[in-house]
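> Provided below for reference: sequence and predicted model.
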Amino acid sequence: TNLCHELGQISYIFSDKTGTLTQNVMELKRVAILGKVFGEVTEERGFSEVKELHCWCQANVHQRLAADAFLEVLAVAHTVMIATNNKGEQYF
């Protein structure tokens, strides 16, 4: 038989575009902010270094603002791209 004949015999197509059947899960495991890496990729669920990130943010206003900007972009877009301007400053 040919492909067109076989396709004509299909009665149902199951699509899981939204992940409702397969439970597609995206978990935050590791982030790098201003060159500092937080988190480990493990089998355990969730982000493992919340306390460490929080303490790091309290160290100075520059670190806190960088973490705030990073996490805001991550929350909105699910992806953070780091770019560098002409002055050598990094931004998200």
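Noted; the coordinates are in hand. Numbering: from 1, shown residues only.

> Determine the set of other helices and strands touching the helix ranked longest in the chain.
Secondary structure assigned by DSSP state H gives helix 61-77 as the longest helix of the chain. With contacts taken as 3 or more Cβ pairs under 8 Å, 6 or more residues apart in numbering; DSSP states H and E, helix 61-77 sits against strand 31-33, helix 50-59. C-beta here means a position set from N, CA and C on the backbone, and glycine is covered the same way.

> Give the buried residues for that helix.
63, 66-67, 70-71, 73 (16 or more other Cβ atoms under 10 Å).

> just stretch 31-43 next, same as before
Applying a neighbour-count criterion of 16+ other Cβ under 10 Å, one finds 31, 33, 38-39 buried in stretch 31-43.

> Can I get that stretch as PDB, trimmed to CA atoms?
As requested, C-alpha coordinates have been extracted for stretch 31-43 and formatted as PDB (Å, rounded to 0.1, in the frame of the first residue of the first chain):
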ATOM      1  CA  VAL A  31      21.100  30.200  37.500                       C
ATOM      2  CA  ALA A  32      24.100  32.400  37.000                       C
ATOM      3  CA  ILE A  33      23.900  36.000  38.000                       C
ATOM      4  CA  LEU A  34      26.900  38.300  37.600                       C
ATOM      5  CA  GLY A  35      29.100  35.200  37.100                       C
ATOM      6  CA  LYS A  36      27.900  33.600  40.400                       C
ATOM      7  CA  VAL A  37      26.300  30.200  39.900                       C
ATOM      8  CA  PHE A  38      23.400  29.100  42.100                       C
ATOM      9  CA  GLY A  39      21.800  25.600  42.100                       C
ATOM     10  CA  GLU A  40      22.700  22.100  41.200                       C
ATOM     11  CA  VAL A  41      21.200  19.800  38.500                       C
ATOM     12  CA  THR A  42      19.900  16.900  40.600                       C
ATOM     13  CA  GLU A  43      17.000  14.400  40.500                       C
END
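
> No further queries at this time; thank you.
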